[in-house]
Structure formats: C-alpha cells, structure tokens
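Chemist: Give me a 3D structure for the following:
(one chain, ligands or ions: 1)
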Amino acid sequence: MGKRISVLGVPFDIITMEQTIEQILTFMQGNECKSVYTPNPEMIMTAREDQEFAEVLQNGDLVIPDGIGVVIASRLGKNPLPERVAGYDTVQNLFQRMKDTSFTVYFLGAAPGIAEEAAQKMKAKYPGLQIVGWHHGYFTKEDEPAILQEINETKPDLLLVGLGFPRQEKWIAAHQKQLPVKVCIGVGGSFDGMSGKVKRAPVFFQKIGLEWFYRLLRQPTRWRRMLQLPVFLWHVAKENHGR
Ligand code: UDP
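Modeler: Residues are numbered from 1 along each chain as shown. Next up is the predicted model:
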C-alpha cells in the first residue's frame with residue numbers, strides 16, 4: 001500500500017478513484033477480509049470524541065475521503081489528497097467492473113425494503129452483477145446470528161454495510177475476522193441512493209465540489225450537520241499551524 005496522511009488523527013490513503021478500484025479488486029482476490037472506510041468531516045469530528053471509532057478507522061485497510069471537505073483539509077497540509085473518492089461512486093465503479101466477473105456482493109443496511117429495492121435497481125443497471133443477498137439495517141442483537149449465518153452461507157466477496165456511522169464501521173471491525181468475505185465497505189446512506197429514494201446531486205454540482213450545497217437545499221434539516229464543516233477546517237488549520 002502507498003502513503004497515508006492523517007487528518008485530525010484519521011488516516012487517509014493518498015490514492016485516486018482509479019487506484020482505489022484496482023486496490024479493492026486486488027483485495028477481492030486475497031485470502032483475508034479487508035475493511036474499506038470512507039470518512040467525511042462529520043465522521044472525523046465524531047472520531048475525536050469516540051476513541052473506539054478512531055481506532056477502528058486507524059485500523060482500516062483502505063481509507064478514502066468521501067467529502068470534498070476532507071480534500072480541502074488535506075490541501076492545508078504538506079501531502080494533499082489527489083481527489084475526492086466518494087463511497088457511492090466507488091461502489092458504482094466496482095459494480096461496473098464486477099458485472100463481468102464471478103465476484104458476488106451482499107447488501108446490509110437501510111430501512112426495511114430499501115436494500116432489496118436497491119438490489120433490483122442495481123441488477124437492472126449492471127446486468128450480470130451477482131447480488132447474493134440483502135438485509136435491512138434495523139436489526140437487534142437477537143436478529144444478528146441469523147444475518148451472520150446468511151452471510152456465512154452466501155459467502156459474498158464484497159459486503160456493503162450501510163448502518164450509518166459509527167455503527168457500520170464498528171460492526172465491520174467486530175466481524176471482519178470471522179466473515180467469509182474478502183472486502184467490507186461502510187457505505188452510509190448509499191442504499192437509499194441506489195434505490196432511488198434519495199436523489200444524488202446533478203453531475204454539475206458534484207464536479208464543482210458543491211454536492212453538499214445541493215443536499216442542503218433538498219434537505220434543509222442538514223444545516224446543523226453542515227455547521228460542523230467550518231469547525232472541522234478550523235481544527236485542521238490549528239493542527240497544521242502547531243506543527
Ligand atoms: N441505518 C440503518 N440502521 C440504523 C440506522 C441507520 O440501516 O440503525 C441506515 C439508514 O437507513 C441510512 C443509513 O443507515 O440508509 C445512514 O444514512 P445517512 O445518509 O445518515 O449516512 P451518510 O451517508 O450521511 O453517512
């Protein structure tokens with residue numbers, strides 16, 4: 001693996017989208033289960049107060065910047081990240097490559113019905129993609145053995161876990177070693193996007209780095225979460241200054 005930088009204690013691989021896809025496909029041919037996390041500024045701020053979450057991210061096998069905020073933060077330091085590598089796009093690019101292979105995927109997360117709807121939409125979008133199962137993300141400790149058993153039986157090469165952070169990353173770290181899976185990715189609300197329940201910003205907004213602004217217009221209740229971005233950048237600037 002290549003070089004890593006730290007943004008407020010959270011590591012990031014200095015890697016492009018193209019290299020990310022190659023790396024994950026390489027992981028899928030390996031013998032052990034690798035974890036892929038996609039932190040954004042909110043997650044980094046949470047990790048400052050949640051030591052367990054911080055350690056889980058530090059032990060991630062591949063850590064890529066989901067938000068443009070992380071890329072901007074990295075530019076304040078000596079080793080900038082080359083580009084945003086959004087979790088959603090990473091998964092779409094992987095599906096595009098996987099559809100012509102025997103690699104399989106399992107969807108775990110989102111509200112009841114959503115993962116299944118997402119699976120149907122992705123099968124139609126990527127004919128040949130092998131989705132071997134799905135389960136919603138509102139399960140209890142008692143439901144867990146049955147889910148683990150299904151994953152053990154279907155043995156997906158790729159397990160997408162969309163339970164919201166930090167639960168999805170902690171869940172991956174807790175089960176990674178026992179699962180007959182090659183790669184687990186924490187995907188946040190991606191199943192909502194794949195199912196069509198939540199629309200992504202037009203490409204124009206994504207290209208100019210203003211996807212967050214589009215999401216704010218669509219879901220004004222997000223403003224509270226977004227207020228964390230300036231606070232995050234202030235902490236990063238302060239940390240860099242102290243070096
Ligand atoms: N979720 C879940 N189980 C839970 C809580 C949340 O499966 O106990 C799902 C939720 O339905 C949504 C995702 O986790 O699909 C979190 O989405 P959000 O947009 O908040 O995450 P982000 O992509 O911003 O990290």
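
Chemist: which residues are in contact with the lowest-mean-pLDDT helix or strand in the chain?
Modeler: Here the helix or strand of the chain ranked lowest by mean pLDDT, DSSP states H and E is helix 223-226, holding a mean of 74. Here helix 223-226 makes contact (CB atoms under 8 Å, 6 or more residues apart in numbering) with 42, 212, 216. To be clear about C-beta, it is placed using only N, CA and C from the backbone, and glycine gets the same treatment.

Chemist: Tell me which helix or strand comes right after that helix.
Modeler: Using DSSP states H and E, the next helix or strand after helix 223-226 towards the C-terminus is helix 228-241.

Chemist: Now tell me what touches that next one from outside.
Modeler: With CB under 8 Å, 6+ apart as the test, helix 228-241 has contacts from 7-8, 41-42, 44-45, 48, 69, 72-73, 76-77, 212.

Chemist: try 6 Å
Modeler: The contact list for helix 228-241 (CB atoms under 6 Å, 6 or more residues apart in numbering) reads 8, 41-42, 45, 69, 73, 76-77.

Chemist: Equivalent analysis for stretch 81-88, please.
Modeler: Stretch 81-88 is contacted by residues 12, 16-17, 20, 38, 64-66, 68, 71, 74, 187, 190, 193 when judged by CB under 6 Å, 6+ apart.

Chemist: How about stretch 2-14?
Modeler: Under the criterion CB under 6 Å, 6+ apart, residues 39, 44, 47, 54, 57-58, 62-63, 65, 73, 79, 81, 235 lie in contact with stretch 2-14.

Chemist: on that earlier part again, relative to Ala111, which of the contacts of helix 228-241 is nearest.
Modeler: Relative to Ala111, the closest of those is Glu42; by CB to CB it sits at 20.5 Å.

Chemist: What does the pLDDT read for that closest one?
Modeler: We have a pLDDT of 91 for Glu42.

Chemist: And for the one 4 residues further on?
Modeler: For Thr46, the model assigns a pLDDT of 94.

Chemist: Pretty sure it sits in a helix.
Modeler: Yes. According to DSSP: H, G, I helix; E, B strand; the rest coil, Thr46 belongs to a helix.

Chemist: still on that earlier bit, which ChimeraX command selects the buried ones in the contacts of stretch 2-14?
Modeler: To isolate the buried members of the contacts of stretch 2-14 in ChimeraX, using 16 or more other CB atoms under 10 Å:
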select :39,44,47,54,57,62,63,65,73,81,235
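
Chemist: Confidence-wise, which of the contacts of stretch 2-14 comes last?
Modeler: Within the contacts of stretch 2-14, Asn79 has the lowest pLDDT, namely 89.

Chemist: that older thread, any chance of CSV for the contacts of stretch 81-88, columns distance to the ligand and secondary structure?
Modeler: Putting these into CSV (distance: CB to the nearest ligand atom, whole Å; DSSP: H, G, I helix; E, B strand; the rest coil) gives the following:
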residue, distance to the ligand, secondary structure
Phe12, 17, strand
Thr16, 22, coil
Met17, 18, helix
Thr20, 18, helix
Thr38, 8, coil
Ile64, 14, coil
Pro65, 13, coil
Asp66, 8, coil
Ile68, 14, helix
Val71, 17, helix
Ser74, 20, helix
Val187, 7, coil
Ser190, 7, helix
Gly193, 8, helix
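
Chemist: Among those residues, which one lies nearest to Asn31?
Modeler: The closest of the contacts of stretch 81-88 to Asn31 turns out to be Thr20 (CB to CB; 20.7 Å).

Chemist: what's around the closest residue to that closest one other than its chain neighbours, how many residues?
Modeler: Sequence neighbours aside, Val85 is the residue nearest to Thr20 in space, at 5.2 Å (criterion: CB to CB, 6 or more residues apart in numbering). Burial of Val85 is recorded as 26 neighbouring residues (other CB atoms under 10 Å).
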